[in-house]
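J.: Sequence unavailable; structure follows:
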């Protein structure tokens, strides 16, 4: 079996060494080279044609954003951005996804052995995941899509009161193709749980608000859900939907349980929404590794709601949707290009 050929692009000699050691700890991966800036990275991509590129952003001569743009124009392939866990790092990472990067890995290296192992595990898993998808991941740059052409629902006619969307690896990019196509006339509430660090979700909500017809914001503990709004669950915390009184529903945010792998956990948010809204709940599972969201989708179906999974051929990683489909929990399996239209159809 051929090993996955990876090119590292980073101006830090220390990071080049650390990333190389992390990747080469897996026998399925071969590091074919390391470039010290974006310009050298582009040259090495054209010369060696790696399967996957890991890309730093802040570099001399040519930065990561510029390099991604050139690579995607001249020799498209999966690129993983190595990002810092800061608000500014989040904004730049989202810019990189706009330019064609497949996904990102947070590269903060602490002295904690547990943290280092987590970074290594995520890096190796994502390199393998995007390599399997290969050139199929290369999609046109994100643009502002027109809303789907569906008649606006009249007041009180909607089929669902809430749509809960869960996503992980490749999710931010997928959501940027779905949410801007949701028409402004919708009165359904949307709650989006995506596996992102704490600093990233606020930046992502702000970016989506600039692209979407509906109001988008990061959810806050204690606030009431509003129809025709999209709430992004904050990273590093758990978000639950609670019924306060007849027709009034609120957001509850806490760090409990502390031992859950994902923060936010899609299962927790979906389950709470289904328990609050019963059959008037729609659950959507998008691209991502693992099985988070499967149990939440099961509860939605048990309560009489509707479930939708993203199709394999349009996923960055067909993990979470596959778990839902294999468990016979998906009422519909839909491609990324058709997802916004399907969501509107089942919700209106």
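T.: Sure thing, it's come through. These figures come from a predicted structure and were not determined experimentally.
J.: from here on, contacts and neighbour counts on C-alpha atoms
T.: OK.
J.: could you show me where the strands are in the chain, in order?
T.: 4-9, 29-35, 52-55, 79-83, 103-106, 162-167, 189-194, 215-218, 229-232, 238-245, 248-254, 281-285, 306-310, 332-334 (DSSP state E).
J.: any chance of those strands in TSV, plus mean neighbour count, mean pLDDT and distance to residue 325?
T.: TSV is the format used below for those (neighbours: other CA atoms under 10 Å; pLDDT from 0 to 100; distance: least, CA to CA, whole Å):
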stretch	mean neighbour count	mean pLDDT	distance to residue 325
strand 4-9	24	97	28
strand 29-35	19	97	29
strand 52-55	26	97	28
strand 79-83	25	92	27
strand 103-106	23	90	23
strand 162-167	27	98	14
strand 189-194	25	98	19
strand 215-218	20	97	29
strand 229-232	23	98	25
strand 238-245	20	93	24
strand 248-254	17	93	29
strand 281-285	28	98	10
strand 306-310	26	98	7
strand 332-334	18	97	8
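J.: how about the ones you listed in TSV, adding distance to residue 127?
T.: Formatted as TSV, these follow (distance: least, CA to CA, whole Å):
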stretch	distance to residue 127
strand 4-9	8
strand 29-35	8
strand 52-55	7
strand 79-83	8
strand 103-106	10
strand 162-167	18
strand 189-194	19
strand 215-218	29
strand 229-232	27
strand 238-245	27
strand 248-254	32
strand 281-285	22
strand 306-310	21
strand 332-334	25
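J.: So for residue 209, which of the ones you listed sits nearest?
T.: Residue 209 lies closest, by CA to CA, to one member of the strands of the chain: strand 215-218, at 4.6 Å.
J.: helices or strands up against the closest one?
T.: helix 198-211, strand 229-232 (3 or more CA pairs under 8 Å, 6 or more residues apart in numbering; DSSP states H and E).
J.: quick one: contacts for the closest residue to residue 332 other than its chain neighbours?
T.: In this structure, residue 332 finds its nearest non-sequential neighbour in residue 308, 4.8 Å apart by CA to CA, 6 or more residues apart in numbering. When contacts are counted by CA atoms under 8 Å, 6 or more residues apart in numbering, residue 308 touches 282, 283, 284, 285, 330, 331, 332, 333, 334.
J.: now, which of those sits nearest residue 293?
T.: For those, the nearest to residue 293 is residue 285 (6.8 Å; CA to CA).
J.: Of the strands of the chain, which is nearest residue 320?
T.: Of these, nearest to residue 320 by CA to CA is strand 281-285, at 6.9 Å.
J.: Just the residues contacting the closest one, thanks.
T.: By CA under 8 Å, 6+ apart, strand 281-285 touches 160-167, 270, 273-274, 293, 297, 300, 305-310, 320-321, 324, 346-347.
J.: quick one on the thing from earlier: quick one: which of the helices and strands packed on strand 215-218 has the weakest pLDDT on average?
T.: In terms of average pLDDT, helix 198-211 trails the rest of the helices and strands packed on strand 215-218, at a mean of 93.
J.: Would you mind getting the angle between that one and strand 189-194?
T.: If you take axes from the mean of the first three to the mean of the last three CA atoms, to 10 degrees, helix 198-211 sits at 140 degrees to strand 189-194.
J.: So for helix 198-211, what gets flagged as buried?
T.: For helix 198-211, a neighbour-count test (16 or more other CA atoms under 10 Å) marks 198-209, 211 as buried.
J.: As a markdown table, these with distance to residue 116 would be great.
T.: Putting the buried residues of helix 198-211 into a markdown table (distance: CA to CA, whole Å) gives the following:
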| residue | distance to residue 116 |
| --- | --- |
| 198 | 18 |
| 199 | 19 |
| 200 | 20 |
| 201 | 23 |
| 202 | 25 |
| 203 | 25 |
| 204 | 25 |
| 205 | 28 |
| 206 | 30 |
| 207 | 30 |
| 208 | 31 |
| 209 | 34 |
| 211 | 35 |
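J.: Neighbours of residue 126, how many?
T.: 23 (other CA atoms under 10 Å).
J.: residues touching it, list them.
T.: So residue 126 contacts residue 169 (CA under 8 Å, 6+ apart).
J.: Now that we're looking at it, what pLDDT does it have?
T.: Model confidence at residue 126 (pLDDT) stands at 93.
J.: Residue 35 versus that one, what's the distance?
T.: 20 Å (CA to CA, to the nearest Å).
J.: same thing with residue 240?
T.: Counting by CA to CA, the gap from residue 240 to residue 35 is 44 Å.
J.: ok, now residue 236?
T.: In terms of CA to CA, residue 236 sits 33 Å off from residue 35.
J.: My read is that residue 296 contacts residue 275, right?
T.: No: at 10.2 Å, residue 296 and residue 275 do not qualify as touching, with contact defined as CA atoms under 8 Å.
J.: Between these two, tell me which one has more neighbours.
T.: With neighbours defined as other CA under 10 Å, residue 296 and residue 275 compare such that residue 296 has more, 27 against 17.
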